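Asks: Would you be able to build a 3D model of this:
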Amino acid sequence: MEKNSVLEMRGICKYFPGVRALEQVDFTLREGEIHALMGENGAGKSTLIKVLTGVYHKDGGEVYIKGIDKPAVIRSPQDAQNVGISTVYQEITLCPNLTVAENMYIGRTKGLLTNWKKINADAGKLLDDLGIPAIPGQQLGSCSIAVQQMIAIARAVDMNCKVLILDEPTSSLDEQEVAKLFKLMLDLKKKGVGIIFVTHFLEQVYEVCDRITVLRDGKLVGEYVIEDLPRVQLVSKMLGKDFDDMADIKSESDTENIDYSSTPVYQAKGLEGTTGIKPFDFSIHKGEVNGFTGLLGSGRSECVRAIFGADKVNGGEVLIDGKPVKINKPLDAMKNGISYLPEDRKRDGIVGDLSVRDNIILALQVMKGFFKPISRAQAEEFADEYIKLLNIKTASSETPIKSLSGGNQQKVILARWLLANPKYLILDEPTRGIDIGTKVEIQKLVLKLAGEGKSVTFISSEIDEMIRTCSRLVVLRDGKVVGELKGDELTQNKIMATIAGGES
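Replies: Model (predicted):
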């Protein structure tokens, strides 16, 4: 190991059936360092953390920890804790019904023989040392999320951790709470603790981190000193694009027939959700394909969920065809001609045990009301029509949707929303995880729908795909709209520079 290293991972491999999740990945963490682990969805960040913490068993490579002469054997989270590795997750894993002190020492007390007076005194001293605004005897649930995060960190520090992993700790915090958490992280850095910081927020990385390790598709892209990696270069490395040599790709969509002077089909003014997105303005015209773009965690999905009413909205005004409407829930959106294909089709899209037919008619049945059931004959007719139209590969309409491939499941959800005949269709990552042939089919379908006069918002992690499909892009970073691009501005370079904060 290097002299000042607290952790070294060498040649880490992890395989799942048919998938190389990690391939020969190296990672080094130094004492007194805050080290960002960056990468898009599926890059391998979570898998690497789970290998390090014993949740997954690695299939190759070695892990070295300071103070241990030979490679560390980590087969469980308890093994990780025993060698000085602690993790604080985005979701608090402590017990809100217990006191602060009880949470800090849970699992380390001696039952009836526990000296609670001493434990409360020790907890108080640690809280004071770390500047955490909490009292040992207060119930944890009465503390803010940020303070609960800090108490989880205090527990880890008191267990003599050498490596502290913070997995998306700021995703549910406001700016003031983030500032308090960063102060604690910097204090721990001074004490020599090595911190692995997993986040999607670029601004935060450049505020507190010393180094960045970038993963992509399960492989190591590189390790960089923060000063040597401008944000625009970080974006390019995460997305796998050579910023200097990118070719401009012209949109295939026909924008000449869009009347931008007309009343928008949908318009939002100062729309603000409860999921951390800042108030934003947005509109879309008849026959237009536009999109939200930005890195994972930028707020793309949160924006469209607010539009559809899938997430609670705090404020703002919505107009459909120029008339004010209230959209407080998905059914309100559906009745106003808006449909939404969600990012996570397995969790939010398909109903796995229902047939292809029943999944296709689901939205239309909800809109009609369950006291006006669609007849079996009509349902069969609808299903057969869309199975043929979208070339859905299924034995029959009776087949459970969970038996279909991912791409065909996606087509079934598309069929569901097309059957509802929306004027405005939102597609969030409609081509993720499906084969290239189906991707092309879906892209062509989007452009065909726009040609027929429907309005479509299209979201994809692949910038090439966004440029091919969209005529206008709204760019987000850290939950805030930072730009809008159209026409000649729709180039790889311009999009990535805007995502990165205007650097070029």
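Asks: quick one: least confident helix or strand in the protein?
Replies: The least trusted helix or strand in the chain, going by mean pLDDT, DSSP states H and E, turns out to be helix 436-451, with a mean of 79.
Asks: which residues sit against that one?
Replies: The contact list for helix 436-451, computed with CB atoms under 8 Å, 6 or more residues apart in numbering, reads 252-254, 287-289, 390-391, 407-408, 410-411, 414, 418, 425, 427, 430-431, 434, 456, 458, 465, 468-469. In short, each C-beta sits where N, CA and C put it, glycine included.
Asks: Same question for stretch 35-49.
Replies: Under CB under 8 Å, 6+ apart, the answer for stretch 35-49 is 9, 12, 14, 21-22, 25, 27, 29, 56, 87, 165, 167, 194-199, 205, 209-219, 221, 226, 234, 238-239, 295-296, 461.
Asks: Next secondary structure element downstream of the least confident helix or strand of the chain?
Replies: Downstream of helix 436-451, the next assigned helix or strand under DSSP states H and E is strand 455-459.
Asks: Return that next one as PDB; C-alpha atoms alone will do.
Replies: Extracted in PDB, the C-alpha atoms of strand 455-459 (Å, rounded to 0.1, in the frame of the first residue of the first chain):
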ATOM      1  CA  SER A 455     -46.700  16.500 -28.400                       C
ATOM      2  CA  VAL A 456     -43.900  14.400 -26.900                       C
ATOM      3  CA  THR A 457     -41.400  15.000 -24.100                       C
ATOM      4  CA  PHE A 458     -38.600  12.500 -24.500                       C
ATOM      5  CA  ILE A 459     -35.900  11.800 -21.800                       C
END
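Asks: Give me the buried stretch members for the helix or strand harbouring residue 465, please.
Replies: Using DSSP H and E, residue 465 sits in helix 463-469. For helix 463-469, the neighbour count (16 or more other CB atoms under 10 Å) marks 463, 465, 466, 467, 468, 469 as buried.
Asks: Distance of residue 60 relative to residue 159?
Replies: Remark: distance between residue 60 and residue 159 (CB to CB, to the nearest Å) = 29 Å.
Asks: typed the wrong thing, it's residue 466
Replies: On the measure of CB to CB, residue 466 and residue 159 end up 45 Å apart.
Asks: Over to residue 71?
Replies: For residue 71 relative to residue 159 (CB to CB), the value is 22 Å.
Asks: Next: residue 347.
Replies: 34 Å.
Asks: the more surrounded of the two?
Replies: residue 159 (15 against 8; other CB atoms under 10 Å).
Asks: Apart from its chain neighbours, what residue comes closest to that one?
Replies: Leaving out its chain neighbours, the residue that sits closest to residue 159 by CB to CB, 6 or more residues apart in numbering is residue 86, at 6.3 Å.
Asks: Now the one you found: which helix or strand?
Replies: Short version, using DSSP H and E: residue 86 is in strand 85-88.
Asks: Direction included, what does that strand pair up with?
Replies: strand 163-167 (parallel) (DSSP bridges).
Asks: Tell me what angle the least confident helix or strand of the chain forms with strand 455-459.
Replies: 150 degrees (axes from the mean of the first three to the mean of the last three CA atoms, to 10 degrees).
Asks: on that earlier part again, just send the buried residues of helix 463-469 back as TSV, with distance to residue 67 too.
Replies: Formatted as TSV, the buried residues of helix 463-469 follow (distance: CB to CB, whole Å):
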residue	distance to residue 67
463	44
465	48
466	48
467	51
468	53
469	53
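Asks: So which of those is the closest to residue 315?
Replies: Taking CB to CB as the measure, residue 315 lies nearest residue 466 of these, at 28.3 Å.
Asks: pLDDT at the closest one, what is it?
Replies: pLDDT for residue 466: 86.
Asks: Roughly how far does it sit from residue 457?
Replies: From residue 466 to residue 457 the distance is 11 Å (CB to CB).
Asks: again, but for residue 371
Replies: Residue 371 is 32 Å from residue 457, by CB to CB.
Asks: So which of the two has more stuff around it?
Replies: residue 457 (26 against 5).
Asks: Please name the spatially closest residue to that one (chain neighbours excluded).
Replies: Nearest non-adjacent residue to residue 457 (CB to CB, 6+ apart): residue 426, at 4.7 Å.
Asks: which residues pair with that neighbour across the strands?
Replies: Going by DSSP bridges, residue 426 forms beta bridges with residue 340, residue 457.
Asks: Any of the contacts of stretch 35-49 buried? List them.
Replies: 9, 12, 14, 21-22, 25, 27, 29, 56, 87, 165, 167, 194-199, 205, 209-216, 218, 221, 226, 234, 238-239, 295, 461.
Asks: so of those residues, which ones are in helices?
Replies: By the criterion of DSSP state H, membership of the buried ones among the contacts of stretch 35-49 in helices covers 205, 234, 238, 239.
Asks: Taking strand 163-167 as reference, get the angle to the helix or strand hosting residue 35.
Replies: Using DSSP H and E, residue 35 falls within strand 34-38. Strand 34-38 runs at 40 degrees relative to strand 163-167, counting by the same axes, to 10 degrees.
Asks: tell me the average confidence for strand 34-38?
Replies: Mean predicted lDDT for strand 34-38 stands at 95.
Asks: now stretch 336-351
Replies: Per-residue scores along stretch 336-351 average to 82.
Asks: Could you break the protein into its assigned domains?
Replies: Domain ranges of the chain: 5-243, 244-337+424-435+449-504, 345-421, per automatic domain parsing.
Asks: Turn these into JSON lines, columns for distance to residue 442.
Replies: Formatted as JSON lines, the domains of the chain follow (distance: least, CB to CB, whole Å):
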{"stretch": "domain 5-243", "distance to residue 442": "19"}
{"stretch": "domain 244-337+424-435+449-504", "distance to residue 442": "5"}
{"stretch": "domain 345-421", "distance to residue 442": "7"}
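Asks: Burial check on the residue nearest to residue 159, number of neighbours?
Replies: 23.
Asks: ditto for residue 225
Replies: Residues near residue 225, counting by other CB under 10 Å: 10.
Asks: Please name the bridge partners of the nearest residue to it once chain neighbours are set aside.
Replies: Leaving aside its sequence neighbours, residue 225 sits nearest to residue 211 (CB to CB, 6+ apart; 5.8 Å). Bridge pairing for residue 211 (DSSP bridges) gives the partners residue 35, residue 225.
Asks: and the closest residue to residue 94 other than its chain neighbours, what helix or strand is that in?
Replies: The spatial neighbour of residue 94 that comes closest, neighbours along the chain excluded (CB to CB, 6+ apart), is residue 103 at 4.4 Å. For residue 103, the host element (DSSP H and E) is helix 100-105.
Asks: Run through who's touching that helix.
Replies: Applying CB under 8 Å, 6+ apart, the set of residues contacting helix 100-105 from outside is 94-95, 116, 119-120, 122-124, 126-127, 134-140, 143, 151-152, 154-155, 158.
Asks: Show me which of the residues you listed are buried.
Replies: 94, 119-120, 122-124, 126-127, 134, 136, 140, 143, 151-152, 154-155, 158.
Asks: I'd like the distance between residue 206 and residue 167.
Replies: 19 Å.
Asks: which residue sits closest to residue 8, ignoring its sequence neighbours?
Replies: Nearest to residue 8 is residue 64, by CB to CB, 6+ apart, at 4.4 Å.
Asks: Name all residues that make contact with the one you found.
Replies: 1, 5, 7, 8, 9, 10, 71, 72.
Asks: and what of residue 312?
Replies: 273, 274, 328.
Asks: Narrow these to just the buried residues.
Replies: Looks like those have residue 273 buried, using 16+ other CB under 10 Å.
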